[in-house]
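**Student:** one predicted model, sequence on top.
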Amino acid sequence: MANLADAIHSYYGSGLSRADYFAQVERALSAESGGILRMLDTLDKENARAALPPDVYAELRQRIERRAEPAHTMARENTRLQTRPEEQRWTQSSLPSGGESMAGGDPGLERMKGVGDTLNGRFVLEECIGFGGMGTVYKALDLRKLEASDRKPYIAIKVLNVQFRGHPKSLIALQREARKAQTLAHPNIVTVYDFDRDGSMVYLTMEYLSGKPLSQILRAPGFTGLPFAEVLHIVTGISRALAYAHERGFVHCDLKPANVFLLDKGEVKVIDFGISRVFHKTEEDSEATVFDAGSLGGLTPAYASPEMIEHLDPDPRDDIYALACITYELLTGKHPFDRTSATQARNAGMRPQRPASVGSRQWRAIKAALAFERNSRTPSVTEFLRELSGEPGKTLYVAAAASGLTLVVLLAAGLSYYVASRPDASSGGGVSQEASSGARLPAEASPPEVASPPVSLPPSPPRQASTTEAPTTQAPTTEAPTTQAATTQAPTTQPPAPALTLAVVTPVLAQVPCSALTATLRDGSLQVQGFLARSVGASRLKQMLAALPGARGIDIQTLSVGDADCPVIATYAPYWKRNRQAGRPAAIQSRVRSAELKEGEPLIVDIKTPAYDSYVHVDYFVLDGNVAHLVPNPRMRANQAPANYEAAIGSLGNWVISAPFGTELIVLLLTPAPLFDKVRPEVESQAEYLKVTEKQLAQFVAKHGADRIVADFVQITTKPAKP
């Protein structure tokens, strides 16, 4: 009889039918004397050696996991087989010895669901996309989203392993932990939506990620490592996720390449947070000894620290050990201990070999994190990353290190964005600066609301008016020669005209209704940028500024806004101005340079946050008078971003342009805390939202100060596919 490894590997080249193959594996499992972990490890090694189809791998894993169930459950389920004639796919995890279908049996027996099945009448499991010690992950179609004509109705569903049925209290702990996981709102951590069950099947719903797990890269044929810069990018994303979780009392406990996801745009996501931790440490002492990660397959021996394998309480340094293993593997293509468990490697006196491409400082960082003893291991993820990067004291910044701020929102609407090189904007430096300052305001808005800080108009403008009229006033006096002579001598006694200053310009701009404007002076020339009410116009604004003393070389680079956007400008203009005056640390811009999008085209917006942690709010003000909350909203609650964070929003094709068409605004607002206690509905009235937003912002300014509240606008124009 073939051993388990041979039985698994016989999928290729044996010529066995599917039924005979699974029957052979069943016989090998029955003869296997090792424990569940050993069987799972054998499966993983054979799968790494020759990758099995995802559905076959999932099926084999379920068969192994079933052997951890209570005996009475095994006795009932071992006699049940389900097939789908149209697919000839096994959906039960055990087969009778002959492989034939059993139509009879206990009618109340519940089978395990798989690809093609529906959970709770809502989630259709379409594809097996991953598997791990705690469960199997499926790509699922959300029928509710489909009914709502959602452009992206897919989510990810993790179905937990069947042995949880034998631990009723684990369901309570899992639900508690799932709720905790929902609080881990970080760009580098996958978003968990909800916890639920369908009969005895327990599952989590999560955001669907488009990309591939890190394990797929590491297991690729011929892989011998990545350049250090690429490794640092990936490790930085993982480290940010871990540091954020550790600060909030979470330890991943099952960090491994399969739980690190690289999105198509290069962003990094850590998945499976809050799942494995439940089984070895809960909030209540009475539950602390009920669940064991090792016995239930909740850890991966090759990446588990010695303390995890020895069932000690979790500690952030457990994750650091796993991170160091992953880092070493990324650099060399090999596991530091040849995939031997930490306890076995320690007992055998194994030591990792220094890669030739790694500098001495980086090697010290990796070696310290791989220490078998906790007290000798690197104490924090932040320190590990600092030592690995070789730049102590410097916060590492990696562009797009996480998945688009986790701002993946499914919304089919005419989204548009304002970009630098708009056809109606002047070229040069002003254009690039305006790329993030799109805002539209009508002149009907009251001036006090639009003005940044309420500033009374200085006496200089009235004085200019009399100065400009002086020549016409003097004209009649030229009749008298004496007066004429006096007039010709006057210039020699008048003081020179004062130089133009921003102190004079700023109050004038503040009085322009329905606008968001900033000014700069260069060698006496004045340049004005921003958003200007269409009813005012650039010509009129230029005339106003030309009347100022010392004004010359006036350059107006603005985008016009209509009446409908005046309330929006009135609300956000002060924070937009503050952002521009600070050098625009927060920015939003369209991936399409023209900012003109046609029906059916995807909207992709690039976003940047300041040099401090902030909460991101992205709102799309629609032509119909409503506002759609892109981030946060009931579907995407995560909106906290780290410092100096860049992300591409919509890079997965989540947003597609549709009617109504025209010119609209998208507003990026960054605050030091969540703007609202509860997530607001995805769509609501603009007037109502702006009213409560103004109130909240006023309270924020009073509590936190105004320095860390900034905004940026993006204006886009959408058009139908065919004129």
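**Tutor:** Ah, there it is.
**Student:** which parts of the one helix or strand Leu232 maps to are buried?
**Tutor:** Under the criterion of DSSP states H and E, Leu232 resides in helix 228-247. By 16 or more other C-beta atoms under 10 Å, the buried positions in helix 228-247 come out as 228, 231-246. Every C-beta, even on glycine, is put in place using the N, C-alpha and C of the backbone.
**Student:** any idea of the mean pLDDT for it?
**Tutor:** Helix 228-247 shows a mean pLDDT of 92.
**Student:** what's it packed up against?
**Tutor:** For helix 228-247, the elements it packs on are strand 260-263, strand 268-270, helix 316-332, helix 381-389, judged by 3 or more C-beta pairs under 8 Å, 6 or more residues apart in numbering; DSSP states H and E.
**Student:** tell me who's in contact with the spatially closest residue to Thr382 that is not a sequence neighbour.
**Tutor:** Using C-beta to C-beta, 6 or more residues apart in numbering and skipping residues adjacent in sequence, the residue nearest Thr382 is Ala243, 5.6 Å away. Residues in contact with Ala243 (C-beta atoms under 8 Å, 6 or more residues apart in numbering) are 380-382.
**Student:** what's the answer for Asp196, then?
**Tutor:** 119-120, 202-205.
**Student:** present those as CSV; the columns should include neighbour count.
**Tutor:** Listed next are the contacts of Asp196 as CSV, based on neighbours: other C-beta atoms under 10 Å:
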residue, neighbour count
Leu119, 20
Asn120, 12
Val202, 22
Tyr203, 25
Leu204, 25
Thr205, 21
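**Student:** farthest-separated two in those residues?
**Tutor:** For those, the farthest-apart pair by C-beta to C-beta is Asn120 and Leu204; their separation is 13.0 Å.
**Student:** between the helices and strands packed on helix 228-247, which one is nearest to Gln529?
**Tutor:** strand 260-263 (34.1 Å).
**Student:** quick check: domain ranges of this structure?
**Tutor:** 1-81, 219-389, 412-436+584-719 (automatic domain parsing).
**Student:** right, and Gly116 touches Glu127 too?
**Tutor:** No. Taking contacts as C-beta atoms under 8 Å, Gly116 lies outside contact range of Glu127: 9.9 Å.
**Student:** looking at the contacts of Ala243, spot the one nearest Arg339.
**Tutor:** Closest to Arg339, out of all of those and judged by C-beta to C-beta, is Val381, at 23.1 Å.
**Student:** separation between that closest one and Leu388?
**Tutor:** 10 Å (C-beta to C-beta, to the nearest Å).
**Student:** higher neighbour count, the two?
**Tutor:** Leu388 (28 against 25; other C-beta atoms under 10 Å).
**Student:** helices along the stretch 101-250 of the chain, start to end?
**Tutor:** Secondary structure of the stretch 101-250 of the chain, counting by DSSP state H, counting those that start in this stretch: helices at 143-147, 168-182, 214-218, 228-247.
**Student:** format those as TSV; extra columns: distance to Tyr328.
**Tutor:** Below are the helices of the stretch 101-250 of the chain laid out as TSV (distance: least, C-beta to C-beta, whole Å):
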stretch	distance to Tyr328
helix 143-147	41
helix 168-182	28
helix 214-218	11
helix 228-247	10
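**Student:** once you drop chain neighbours, what's closest to Gln527?
**Tutor:** That would be Asp555: by C-beta to C-beta, 6+ apart, it lies 4.4 Å from Gln527.
**Student:** please tell me I have it right and the one you found contacts Arg522.
**Tutor:** No. Judged on C-beta under 8 Å, Asp555 makes no contact with Arg522 at a distance of 9.4 Å.
**Student:** who has more neighbours, the two?
**Tutor:** Neighbour count, other C-beta under 10 Å: between Asp555 and Arg522, Asp555 has more, with 15 against 10.
**Student:** check whether the more buried one sits in a helix, strand or coil.
**Tutor:** Under DSSP: H, G, I helix; E, B strand; the rest coil, the three-state class of Asp555 is strand.
**Student:** could you do Tyr615 as well?
**Tutor:** strand.
**Student:** separation between it and Val627?
**Tutor:** 17 Å.
**Student:** more crowded one of those two?
**Tutor:** Using other C-beta under 10 Å as the criterion, Tyr615 and Val627 rank with Val627 on top: 23 against 18.
**Student:** pretty sure the more buried one belongs to a strand, no?
**Tutor:** Yes. Per three-state DSSP, Val627 lies within a strand segment.
**Student:** that one: what's it in contact with?
**Tutor:** 619-621, 683-686, 689-690.
**Student:** let's see that with 7 Å instead.
**Tutor:** 619-621, 684, 686, 689 (C-beta atoms under 7 Å, 6 or more residues apart in numbering).
**Student:** that one and Ile666, how far apart?
**Tutor:** Counting by C-beta to C-beta, the gap from Val627 to Ile666 is 10 Å.
**Student:** taking the contacts of Val627 one by one, which sit in strands?
**Tutor:** 619-621, 684 (DSSP state E).
**Student:** okay, those in JSON lines with distance to Ala641 next?
**Tutor:** Compiled in JSON lines, those are given as follows (distance: C-beta to C-beta, whole Å):
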{"residue": "Asp619", "distance to Ala641": "16"}
{"residue": "Tyr620", "distance to Ala641": "18"}
{"residue": "Phe621", "distance to Ala641": "22"}
{"residue": "Glu684", "distance to Ala641": "23"}
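**Student:** can you tell me which of these is nearest Glu599?
**Tutor:** Tyr620 (16.2 Å).
**Student:** list residues touching both of Val627 and Ile666?
**Tutor:** Joint contacts of Val627 and Ile666 (C-beta under 7 Å, 6+ apart) are Tyr620.
**Student:** for Gln699, state which of the contacts of Asp196 is nearest.
**Tutor:** Out of the contacts of Asp196, the member with the shortest distance to Gln699 (by C-beta to C-beta) is Thr205, at 34.3 Å.
**Student:** where does the stretch 251-400 of the chain dip in pLDDT?
**Tutor:** 274-299, 391-400 (pLDDT under 70).
**Student:** so what's the closest residue to Gly121 other than its chain neighbours scoring on pLDDT?
**Tutor:** The shortest distance from Gly121 to any non-neighbouring residue, by C-beta to C-beta, 6+ apart, is to Leu143 (7.6 Å). Leu143 is assigned a pLDDT of 92 by the prediction.
**Student:** in this structure Leu143 contacts Leu119, no?
**Tutor:** No. When contacts are counted by C-beta atoms under 7 Å, Leu143 is not listed as touching Leu119 (10.3 Å).
**Student:** can you tell which of the domains of the chain is closest to Pro153?
**Tutor:** With C-beta to C-beta, the closest approach to Pro153 among the domains of the chain belongs to domain 412-436+584-719: 11.0 Å.
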